[in-house]
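1. give the three-dimensional model of this entry:
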Amino acid sequence: MSETSPVDVVYIDDQEREPARYAERLSSSGTISCRVIDPPALDELRAFMVEHRADLYLIDQDLSDKRGYLGSGLAAHIRSEAPDYPVVLVSRRTVLNEAKYGRPAEGFDDVHVVDDLILKARFNRDLERVVHTLAELAEGYASLRDRTGGSRNAALQWALAATDEEIDAVREASPPVGTAQWRPFPAARWIRHTLLAYPGPLLGPLHAAVSLGITREAFESERVQKVFAGARYAGLFAPYEGRWWRGRLLSIATKLVVEAELRGPVRTNLRIALGEDDAPLPAPVCVWDGTEGAEAVCYVLHEPVKLSHSLRYYPDARPSVMDPARVSYRAIYADDSFDEELLDSSGQDMLEQVSALPDPIADSGTQA
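-> Residues are numbered from 1 along each chain as shown. As a prediction, this is how the structure comes out:
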């Protein structure tokens with residue numbers, strides 16, 4: 001794969017029409033060149049890999065018609081034969097449920113040989129994001145394969161395009177920087193599923209906006225994006241929706257507030273400094289009470305929430321350097337995906353009290 005050639009993707013499937021249609025859609029982007037190949041017999045895999053070498057392997061989870069095995073099983077064999085190349089599963093939600101992968105959208109996280117999972121519906125409704133994900137995976141792996149020598153810190157700093165100060169922060173997230181560990185697969189997995197997955201040194205668009213005291217819509221506007229362009233993550237495997245370095249965001253915001261000669265907290269004054277025609281940018285609204293002043297994000301609803309209207313939540317094993325997850329009263333009040341067992345003891349003690357609260361939005365006649 002060169003900088004000018006498309007990413008070479010082998011799509012392994014035992015069907016014909018559907019994968020051919022998906023391959024055509026991927027190839028139509030110009031970023032990817034995708035070919036569909038029948039799954040091999042496992043005892044012929046080595047010859048198959050020599051004949052069909054690619055930048056990335058896309059494997060359907062259900063290969064039962066011709067070979068009688070699951071795509072995840074083939075993925076394990078391909079990972080063994082080509083450990084430094086990305087492997088992605090493709091599946092329908094129903095197949096994932098039958099395979100007991102847990103929550104379908106996150107089920108791949110339990111399969112320690114694949115880089116990602118793509119639900120087939122996304123080829124139709126979210127093709128641009130799928131193409132971006134596959135291209136970033138292939139290009140990131142290629143960069144990691146080409147990187148040799150240097151110190152552990154240098155390798156990490158190069159992969160993340162980070163400053164010395166930022167490296168100090170991300171090292172608290174336990175990167176696989178040992179000599180034997182800093183291989184493409186473990187490095188890619190840590191960057192994508194730890195560093196870029198949780199808010200901490202790096203923030204997604206919603207967490208970035210809330211940290212700055214503005215709405216996501218305001219943050220993602222072209223004008224504001226230009227202001228914070230220097231804070232955008234430019235390392236390997238950058239997500240489609242972007243990530244931003246927390247420290248750089250704060251530094252730029254502080255400079256803007258100082259230049260505007262505003263006094264008080266940066267987070268309160270930034271929306272004034274960035275406003276136009278004497279109108280400040282809108283502030284994030286709390287999903288529970290519908291008023292401004294949200295400082296956090298509800299893990300369940302993915303909406304801004306006030307700290308005072310949320311509880312600590314423990315849905316994952318994120319490193320301590322990452323922001324703790326929180327669940328809003330709104331999610332506790334009305335969302336079936338809320339799991340009370342993921343609260344700590346103090347949160348569980350408050351659960352009955354929270355559940356009995358009147359709905360402030362319903363009572364005021366407004367909508368969140």
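
2. quick one, phi psi at the residue of the chain most remote from its centre?
-> No residue in the chain has its C-alpha farther from the mean C-alpha position than residue 261, which lies at 36.7 Å (CA atoms, centre = their mean). The phi and psi values for residue 261, taken as degrees, to the nearest 10, are phi 60, psi 40.

3. quick one: it from residue 272, how far?
-> Relative to residue 272, residue 261 is positioned 11 Å away (CB to CB, to the nearest Å). All C-beta spots, glycine's among them, are computed from the backbone N, C-alpha and C.

4. what about residue 44, which SS state?
-> Following DSSP: H, G, I helix; E, B strand; the rest coil, residue 44 is assigned to helix.

5. equivalent analysis for residue 235, please.
-> Secondary structure of residue 235, reduced to three states by three-state DSSP: coil.

6. ok, now residue 53?
-> Here residue 53 is recorded as coil under three-state DSSP.

7. who touches it in this structure?
-> Residues in contact with residue 53, defined by CB atoms under 8 Å, 6 or more residues apart in numbering, are residue 82.

8. need the distance between the two termini of stretch 256-264.
-> 13 Å (CA to CA, to the nearest Å).

9. list the contacts of it.
-> 227, 266, 269, 270, 272, 273, 274.

10. just curious, which of those is nearest to residue 70?
-> residue 227 (48.0 Å; CB to CB).

11. pLDDT score assigned to that closest one?
-> Turning to residue 227, the model gives it a pLDDT of 98.

12. thought residue 274 was touching it, still the case?
-> Yes: at 6.9 Å, residue 227 and residue 274 qualify as touching, with contact defined as CB atoms under 8 Å.

13. looking at those two, which is more packed in?
-> The residue with the greater number of neighbours, taking residue 227 and residue 274 and applying other CB atoms under 10 Å, is residue 274; the counts read 23 against 16.

14. quick one on the thing from earlier: neighbour-wise, which of the contacts of stretch 256-264 leads?
-> residue 270 leads the contacts of stretch 256-264 on contacts (other CB under 10 Å) with 27 neighbours.

15. which stretch of helix or strand covers that residue?
-> Secondary structure here is read from DSSP states H and E; on that basis residue 270 sits in helix 266-273.

16. how about residue 157?
-> Applying DSSP H and E, one finds residue 157 within helix 152-160.

17. show me which residues of that helix are buried.
-> Along helix 152-160, these residues count as buried under the neighbour rule (16 or more other CB atoms under 10 Å): 155, 156, 157, 159, 160.

18. show me which of these is closest to residue 71.
-> residue 159 (28.5 Å).

19. state the distance from the closest one to residue 237.
-> 9 Å.

20. mutual contacts of these two, please.
-> residue 191.

21. contacts only, for residue 324.
-> Residue 324 neighbours (CB under 8 Å, 6+ apart): 312, 313.

22. which residues sit against the lengthiest helix in the chain?
-> Criterion DSSP state H: the longest helix present in the chain is helix 127-146. Here helix 127-146 makes contact (CB under 8 Å, 6+ apart) with 1, 7-9, 25-26, 29, 31-32, 55-56, 58, 84-86, 88, 115-116, 118, 122-123, 159, 183-184, 187-188, 191, 236-240.

23. what residues sit buried inside that helix?
-> Judged by neighbour count using 16+ other CB under 10 Å, the buried positions of helix 127-146 are 130-142, 144.

24. re the thing from before, want to throw the buried residues of helix 152-160 into CSV with pLDDT and distance to residue 39?
-> Converted to CSV, the buried residues of helix 152-160 look like this (pLDDT from 0 to 100; distance: CB to CB, whole Å):
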residue, pLDDT, distance to residue 39
155, 87, 35
156, 90, 37
157, 93, 40
159, 95, 33
160, 97, 36
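
25. what's the burial count for residue 51?
-> Taking other CB under 10 Å as the neighbour definition, residue 51 ends up with a count of 10.

26. for residue 13, see how far away it is.
-> Distance check for residue 51 against residue 13: by CB to CB, it reads 17 Å.

27. also residue 310?
-> Separation of residue 310 from residue 13 (CB to CB) stands at 44 Å.
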